[in-house]
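Chemist: next come a sequence and a model predicted from it.
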Amino acid sequence: MDTLRTMICAVLFVTVATVAGAQDTERYGKQKVVYHINYDGGPESKAYVGAMRNIQNHINAVGAENLEVKVVLHGNGLGLLMSAKEHERLQSVVASLKGQNVGFQVCNNTLKGREISYEDDLYDVWEEDIVPSGVAELSRLQQMGYTYIKP
């Protein structure tokens, strides 16, 4: 009898979890968002880790297949990818988000103005990740229907 109750409870749990997940997809639909990071990460890159956690939570709620995410970094925000060069936890989080099709876009004005080499100083940045201006890119993406989020 206990085995039967356990099996019934397990089936009900899976059914409720599945329905709850389906409701989230229906609730949120397809989304396009741009996350804006232009601040210092603070001790142990705590602010950067928190921002990346927000993005992952967003993906979890909406579903990667329903979400197009860009992260625009300029000014002090480039510190996220500079810190990721040294901090394995941040590397892992950035790599995981990229694996879920999150695009990281880096401001060329900041690279030039601060004499930062994207190849040597930043974690996993490629030429196609560089945008001419971070703030202009934010405006462009919003004109294209992306929702602006500043974590």
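Modeler: Arrived safely, thanks for sending. Numbering: from 1, shown residues only.
Chemist: could you use CA atoms for every contact and neighbour count after this?
Modeler: Noted.
Chemist: where does pLDDT dip in this structure?
Modeler: 1-25 (pLDDT under 70).
Chemist: quick one: the helices in it, in order.
Modeler: When secondary structure is read from DSSP state H, the chain shows helices at 2-28, 46-62, 79-84, 88-99, 108-113, 118-121, 134-143.
Chemist: deepest of the ones you listed, which one?
Modeler: Highest mean neighbour count of the helices of the chain: helix 79-84, a mean of 22 (counted as mean count of other Cα atoms under 10 Å).
Chemist: so which elements touch that helix?
Modeler: helix 88-99 (3 or more Cα pairs under 8 Å, 6 or more residues apart in numbering; DSSP states H and E).
Chemist: centre of the chain to the helix it packs on, how far?
Modeler: Distance, stretch centre to chain centre, for helix 88-99: 9 Å (Cα atoms, centre = their mean, to the nearest Å).
Chemist: that helix vs helix 46-62, what angle?
Modeler: 30 degrees (axes from the mean of the first three to the mean of the last three Cα atoms, to 10 degrees).
Chemist: who touches helix 88-99?
Modeler: The contact list for helix 88-99, computed with Cα atoms under 8 Å, 6 or more residues apart in numbering, reads V49, M52, Q56, S83, A84, K85, F104, Y123.
Chemist: 10 Å instead?
Modeler: 44-46, 48-49, 52-53, 55-56, 59, 64, 69-70, 80-81, 83-85, 100-104, 123-124 (Cα atoms under 10 Å, 6 or more residues apart in numbering).
Chemist: any chance of CSV for the helices of the chain, columns distance to H36?
Modeler: Output for those, formatted as CSV (distance: least, Cα to Cα, whole Å):
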stretch, distance to H36
helix 2-28, 21
helix 46-62, 10
helix 79-84, 12
helix 88-99, 15
helix 108-113, 14
helix 118-121, 19
helix 134-143, 8
